[in-house]
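Colleague: Provided below are the primary sequence and the corresponding predicted coordinates.
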Amino acid sequence: MMRFPAKVMTQTALCTAVALIFSYIESLVPLNSFIPIPGFRIGLANIAVLYLFYESKLRAFLVMLMKVFLSAFLFGTGISFWFALSGGIFSFLAMMLASLVFKDKISYIGLSVSGAVFHNIGQLLVSSIVIGVGTAYTYAPFLIVAGVFSGILCGFLLNLLADRIKGAIKKIEH
């Protein structure tokens, strides 16, 4: 059985809590009134996953899974769980591939864009099962463009917040 020190568990739990808070806030904002793409969200909760990604891919993956399960249970529906899970897995795999290809040269923004675009691709696959291939893929160009913009926004926000997050975690640790 794998043992995690209290410091690691606390940091992982904090990132999960932040992801859930961001997910809840996004569930309250009616973005579909402004952006006519069904189910579109910016993905602010993924900032917590991105933050951990450079430290520990395993913990980042665990935070993504906990965020998916808990946010579906707390704020979602049965079908939203499958959309979020497929999007999360595709996103994570894309970020893993991007980090392997570009090593340490990829920024938060590049990582976030690759994750956001592939999150939407994962959701398109579930959508094609639910509503049919033809209808689902008509949204593909819009979702890819939206993924690029939301990925840039989330990566930019993490660039602004990363030092503050590190400082807050260090204060908690002491």
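Modeller: Ah, there it is. Keep in mind that this is a model prediction, so the values were computed, not measured.

Colleague: switch to C-alpha atoms for all contacts and neighbour counts from now on
Modeller: Will do.

Colleague: for the residue positioned nearest the centre of the chain, what are its contacts?
Modeller: The chain has Asn46 as the residue nearest its centroid, 2.9 Å off, counting by CA atoms, centre = their mean. By CA atoms under 8 Å, 6 or more residues apart in numbering, the contact list for Asn46 reads 19, 64, 154.

Colleague: repeat for Phe118
Modeller: 87, 90-91, 94.

Colleague: Now, of these, which are buried?
Modeller: For the contacts of Phe118, a burial check counting by 16 or more other CA atoms under 10 Å picks out 87, 90-91, 94.

Colleague: Might you specify the subset of those residues located within helices?
Modeller: Within those, residues falling in helices by DSSP state H are 87, 90-91, 94.

Colleague: picking that back up, now flag whichever of the buried ones among the contacts of Phe118 is closest to Ala6.
Modeller: Nearest to Ala6 among these, counting by CA to CA, is Ser91 at 28.1 Å.

Colleague: now that closest one, nearest residue through space, not along the chain?
Modeller: Sequence neighbours aside, Gly115 is the residue nearest to Ser91 in space, at 4.1 Å (criterion: CA to CA, 6 or more residues apart in numbering).

Colleague: Could you tell me how far that neighbour is located from Leu74?
Modeller: Separation of Gly115 from Leu74 (CA to CA, to the nearest Å) stands at 24 Å.

Colleague: which of these two has more neighbours?
Modeller: Gly115 (28 against 10; other CA atoms under 10 Å).

Colleague: So for the helix or strand the more buried one falls within, mean pLDDT?
Modeller: In this structure, Gly115 sits in helix 108-131 according to DSSP states H and E. Per-residue pLDDT over helix 108-131 has a mean of 91.

Colleague: So Val126 is in contact with Phe81, correct?
Modeller: No. Between Val126 and Phe81 there is no contact under CA atoms under 8 Å: 10.6 Å.

Colleague: More neighbours: those two, which one.
Modeller: Neighbours per residue, other CA under 10 Å: of Val126 and Phe81, the larger number sits with Val126, 22 against 18.

Colleague: Next one: the more buried one from Phe142, what distance?
Modeller: Applying CA to CA to Val126 and Phe142 gives a distance of 17 Å.

Colleague: same check, this time on Ile89
Modeller: For Ile89 relative to Phe142 (CA to CA), the value is 21 Å.
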